[in-house]
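Peer 1: Sequence and computational prediction follow.
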Amino acid sequence: MVYRNPYDGYSEEYGTSQEEYGAAQDQQGVYYTQQPTQVTTSGWTSEQSGVGQTRAQEGGGTYTRPAPSTSSSTMGTKARSGEVWPRGSDHLFSCWAFTLSLHSLWTLPMMVVQHGGLAFLLIYTTLVMVLGAPLLLLELALGQYSALAPARLYRHLCPLLAGLGLALALLATLRGMLDLAVLMWAGQGLFHLFSSQRIGEGFLDRDILDRGDSSLEELGGLRNQVLLVLGIAALSTFVFIVAGTKSVGKVSMVAVPAAFMLLMTLTIRACLASGGPQGVIFLLSPDWSVLLQPTTWFAAAAQVVFSLQLGLGALTTYASYNKYEHNLVRDTAIMAVAHLVWLLLAVLLTFALLGLAEAAGELRLPVEVATEAGAPHLHALGTDIWLATVTLGEKAFASLSYGWLWAGLYFLLVVIVGVTSLFGYIEVITSSLVSLKPSYARFKPLVSFLVVAALFLLDLALATQGGVHIYHLLATYIATWPALLFSLLTVGAALLCHGASFLMRDLGDMSKFALPHWVTAHLSVIYYSVLPLLLTGALVSHLYLLSSAHQVEALAVFGVSLPGGWGLPLAWALAALPLTPILIGAILQLAWVRRGVPVTMHLARLVKPTDRYYRNEHVENVTSAAQQNTSTRA
């Protein structure tokens, strides 16, 4: 089998001026490529770029191009000079811990309540298999294949999307800011629970936030105790990540089983309590009509992306630290199955706790109210921090004996899940900064400290008495929907620039086994049809529901809503921010035409990978060939 030339892209390293390419005249959009030399390894032929000057003839013209200045032997000895996972299990547990998101713990169960119970769970499970797992595999494959952080990956995979890397870094900053605020509030809640050993009415507003009469217009002041908890959360996070891949993987190996054990313990306790089985029975009373509603499928598709935390760049960043040959197909299968188990436990826990609250007379199921646009909202239950503290804390855990202890364990679970998510966001930001210049790599601990310090300073706004209003504004309008857009752009860039056939072949090479034809055929169909369709539908549906959300303020019962007049325009202005780097990057790439390059060639190169994207594969091929030649001579 003849493998494609890894250097099938154009080289940014050597430019495109006539001084370097001689008197070449190209008016037909021809790419300057290198003719390969055949190197046979392990029964298959890999095509390596030649040494010295090579020629490429296409469209009736002959053009000369210098070969890379780095020799094959040098590239072989410096295959991976950057950060690498000590073991494959470190990568698996780090990605696994990142997919255990807060969204799947306290937002996704509410979507199950709103959209048909068990029927929605069946839709979600199906979409995890046909949308979540393939998209997760794609993100891991792009990072492992190229060994590039997102800030550089998209510039070399699809130059037209050069701004997508910056957009991912900005979104990671926002998500890290919100998750650090959750750690601050959860830590404050833990301190109150274990010091007073009680939980009751006013747990959120009085004991955690001390909100008073604050609002988005009047944020109020800072509290010393909250600042202390915020500082402890930031410092602890830095301690966990200061050693990079050497520490993140080890912490994740402890966090994942601890999170599962806590969730399972809480679920068993809630199901055994009076009223818990009634809540589970409510889950098992599905509305089968939702199976025929396209909007429900699109809502479930959006929840798959949000819960697995896809489209955020963290999984791609983690995968870029892998060795070229790592079984990412196995990792994807493990994480997809584990996510379904995690989801089932989280849903059972939430429904059982809602049953406890109903048995105590605090609420009545169902509490579903439809808006004018047909989108159901839960007035009495809330979501995110309001669900965890008010609905589950004040109404459900308070009805248990030693309720403060069980609530404390729940908040400990929130802390574990929030910290592991924060690891991924910080890694996206630091890797983006370090990738600006390779020599910065040795200063990565300092960069990590500066990133954590910046997040701490940004969270001072959320540490105010009215900081929860800022949290609601950012979490609702800017923190979630860009993941759908970024996932759609990632799929489009991978298919347009890399190709599904090459992606299937790369998966087999990196995972060290040949994927069956029926697997590659189904995956190709999914990448070309199912993923773009579902992601586009989910994005449009989510934005439409977001535009109608102001008709019924789902959190108005908790005293949280946008100010009249300027609140909604501010929210949509913030929602448009993720588009800015992408548009600016595309405009700059379109306008930046190098000297001596025809416009047609320039436009074609904007959707064609550069040589740098293929370099990791090239290094692996050279290294494998050198090792085989050494063993043959021996």
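Peer 2: Structure received.
Peer 1: beta partners for the nearest residue to Leu460 once chain neighbours are set aside?
Peer 2: Closest residue to Leu460 apart from its sequence neighbours, by Cβ to Cβ, 6 or more residues apart in numbering: Leu222 at 7.0 Å. Where C-beta positions appear, they are placed from N, C-alpha and C, glycine not excepted. Residues in a beta bridge with Leu222, per DSSP bridges, are Thr464.
Peer 1: do you know how far Pro159 is from Ile334?
Peer 2: 34 Å (Cβ to Cβ, to the nearest Å).
Peer 1: Compare neighbour counts for the two and give me the winner.
Peer 2: Ranked by neighbour count (other Cβ atoms under 10 Å), Pro159 and Ile334 place Pro159 first, with 25 against 14.
Peer 1: and the more buried one, what pLDDT?
Peer 2: Reading off the confidence values, Pro159 has pLDDT 93.
Peer 1: In contact with it, which residues?
Peer 2: Counting by Cβ atoms under 8 Å, 6 or more residues apart in numbering, Pro159 makes contact with 589, 605-608, 610.
Peer 1: now swap in Thr420 and tell me
Peer 2: With contact taken as Cβ under 8 Å, 6+ apart, Thr420 is in contact with 97-98, 100, 251-252, 255-256, 259.
Peer 1: now swap in Phe351 and tell me
Peer 2: Phe351 makes contact with 109, 112-113, 279-280, 282-283, according to Cβ under 8 Å, 6+ apart.
Peer 1: Which of these ranks first by neighbour count?
Peer 2: The most neighbours, when the contacts of Phe351 are compared by other Cβ under 10 Å, belong to Gly279, which has 25 neighbours.
Peer 1: Surely that one is in a strand?
Peer 2: No - the secondary structure assignment for Gly279 gives helix rather than a strand, going by DSSP: H, G, I helix; E, B strand; the rest coil.
Peer 1: how close does the closest residue to it other than its chain neighbours get to Leu392?
Peer 2: With Cβ to Cβ, 6+ apart as the criterion, Gly279 has its nearest non-adjacent residue at 2.3 Å, and that residue is Gly355. Shown here: Gly355 relative to Leu392, a distance of 12 Å by Cβ to Cβ.
Peer 1: I figured the residue nearest to Gly279 hits Leu284, correct?
Peer 2: No - taking contacts as Cβ atoms under 8 Å, Gly355 lies outside contact range of Leu284: 11.8 Å.
Peer 1: which of the two has more neighbours?
Peer 2: Set Gly355 next to Leu284 and count neighbours by other Cβ under 10 Å: Gly355 wins out with 25 against 9.
Peer 1: in the strand or helix carrying the more buried one, what counts as buried?
Peer 2: When secondary structure is defined using DSSP states H and E, the element that contains Gly355 is helix 328-359. Of the residues in helix 328-359, those scored as buried under the neighbour-count criterion (16 or more other Cβ atoms under 10 Å) are 328-329, 331-332, 335-336, 339, 342-343, 345-359.
Peer 1: Then stretch 530-539?
Peer 2: Across stretch 530-539, burial judged by 16+ other Cβ under 10 Å covers 530-531, 534-539.
Peer 1: now stretch 568-588
Peer 2: Buried residues in stretch 568-588, defined by neighbour count with 16+ other Cβ under 10 Å: 571, 574-575, 578, 581-582, 585-586.
Peer 1: Need the distance between the two termini of it.
Peer 2: Taking Cα to Cα, to the nearest Å, stretch 568-588 runs 31 Å from one end to the other.
Peer 1: and that stretch, how far from the chain's centre?
Peer 2: The chain centroid and the centroid of stretch 568-588 are separated by 19 Å under Cα atoms, centre = their mean, to the nearest Å.
Peer 1: For the stretch 101-250 of the chain, just list every one of the helices.
Peer 2: Remark: helices of the stretch 101-250 of the chain, listed N- to C-terminal, are 102-106, 108-114, 118-127, 133-146, 150-157, 164-196, 224-241, 245-272; assignment by DSSP state H, counting those that start in this stretch.
Peer 1: Any idea which of those gets closest to Pro516?
Peer 2: Of all those, the one in closest proximity to Pro516, counting by Cβ to Cβ, is helix 133-146 (15.1 Å).
Peer 1: out of the contacts of Pro159, who has the most neighbours?
Peer 2: Of all the contacts of Pro159, the most densely surrounded is Arg605 (22 neighbours; neighbours counted as other Cβ under 10 Å).
Peer 1: Tell me how far it lies from Val599.
Peer 2: The spacing between Arg605 and Val599, counted by Cβ to Cβ, is 11 Å.
Peer 1: Same question for Trp288.
Peer 2: In this structure, Trp288 lies at 56 Å from Val599, with Cβ to Cβ as the measure.
Peer 1: Same question for Ser631.
Peer 2: For Ser631, the distance to Val599 under the criterion Cβ to Cβ works out to 50 Å.
Peer 1: Quick check: buried residues in stretch 149-166?
Peer 2: By neighbour count, and taking 16+ other Cβ under 10 Å as the criterion, the buried residues in stretch 149-166 are 149-166.
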